[in-house]
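Participant: generate coordinates for the sequence data below:
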Amino acid sequence: RQTYAQRIYGAACTMERLVKNLRMFSRLELGRMVLTPEPVALVPYFEDYVAEEAPALRDRGLVLTLQDTPPDARAARAAIDRDAFARVVDNILGNAIKYKEGATVTMELGVAVQGASCVLAFADHGPGGPEDALPHLFETCYRTDKARTDTKKGRGLGLAICREIITALGGQIEASATPGGGLTIPIHLPLIKGALEAK
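Facilitator: Here you go, the predicted model:
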């Protein structure tokens, strides 16, 4: 009975997450989800995030580190909705954990300035995926291989939601191969004018 109860509870939790994700994706896609962007200095944001979340992430099998930041990026600011952006970060890190092949997977987070954009790069060293599949990762319910069709690991909405949120913030998100193996998710966000004055 306990085993069946656990299975039922697990299925109910999975269904609840699916419904929430579908509702959020639908609202984002239809432009009905109101975001409230505010100027945020991204390097301090992620310094705090890594300091606070790294121990819990390590317990889940993800070793997250923040790369050394170029001087011109330390004062870089972008307009983000904190709640929605936290969802993006959680989805990206969660995917690295879901699809890791060993007990742990490492990820480096980089922040840099390129022209008028602030670029965030989440580079993991997990299994990655076929190069021809990378442009499709942000499509709804897309999986790169049979290993990623396990519905216990989700329904393929996480990165699609990330794309909708980043697009709503005026940015772009893509996927590329991490040198040496793995997946890198770069996010380009518009720099706020005057963000680099305090170098």
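Participant: report the strands that pair with the longest strand seen in the chain, each with its relative direction.
Facilitator: Ranked by residue count and defined by DSSP state E, the top strand of the chain is strand 105-114. Note on strand 105-114: by DSSP bridges, its sheet partners are strand 62-66 (parallel), strand 117-124 (antiparallel).
Participant: out of the ones you listed, deepest packed?
Facilitator: Counting by mean count of other Cβ atoms under 10 Å, strand 117-124 has the highest mean neighbour count of those, with a mean of 22. Every C-beta, even on glycine, is put in place using the N, C-alpha and C of the backbone.
Participant: that one - what's its average pLDDT?
Facilitator: Mean pLDDT, strand 117-124: 96.
Participant: buried ones in the helix or strand just after that strand?
Facilitator: Where DSSP states H and E defines the elements, the next helix or strand beyond strand 117-124 is helix 158-168. Neighbour counts over helix 158-168 (16 or more other Cβ atoms under 10 Å) mark 158-166, 168 as buried.
Participant: so which elements touch the host helix or strand of Asn91?
Facilitator: Assessed by DSSP H and E, Asn91 sits inside helix 82-98. For helix 82-98, the elements it packs on are helix 42-59, strand 62-66, strand 105-114, strand 117-124, helix 158-168, strand 183-190, judged by 3 or more Cβ pairs under 8 Å, 6 or more residues apart in numbering; DSSP states H and E.
Participant: pipe these into TSV and attach distance to Leu134 per row.
Facilitator: Formatted as TSV, those follow (distance: least, Cβ to Cβ, whole Å):
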stretch	distance to Leu134
helix 42-59	24
strand 62-66	21
strand 105-114	17
strand 117-124	13
helix 158-168	11
strand 183-190	8
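Participant: so for Gly94, which of those sits nearest?
Facilitator: helix 158-168 (6.6 Å; Cβ to Cβ).
Participant: ok so, going back, what's the closest of the helices and strands packed on helix 82-98 to Pro130?
Facilitator: Between the helices and strands packed on helix 82-98, strand 183-190 lies closest to Pro130; by Cβ to Cβ that is 11.0 Å.
Participant: got the angle between the closest one and helix 42-59?
Facilitator: Relative orientation of strand 183-190 versus helix 42-59 (axes from the mean of the first three to the mean of the last three Cα atoms, to 10 degrees): 150 degrees.
Participant: quick one on the thing from earlier: worst mean pLDDT among the helices and strands packed on helix 82-98?
Facilitator: Across these, helix 158-168 gives the lowest mean pLDDT, at a mean of 88.
Participant: list of residues touching the following helix or strand past it?
Facilitator: Following helix 158-168 in sequence order, the next helix or strand is strand 172-173 (DSSP H and E). Residues from elsewhere that reach strand 172-173, judged by Cβ atoms under 8 Å, 6 or more residues apart in numbering: 88, 138, 162-163, 166-167, 185-188.
Participant: got the contact list for Glu38?
Facilitator: Here Glu38 is in contact with 79-82 (Cβ under 8 Å, 6+ apart).
Participant: how about Glu47?
Facilitator: Counting by Cβ under 8 Å, 6+ apart, Glu47 has contacts Leu66.
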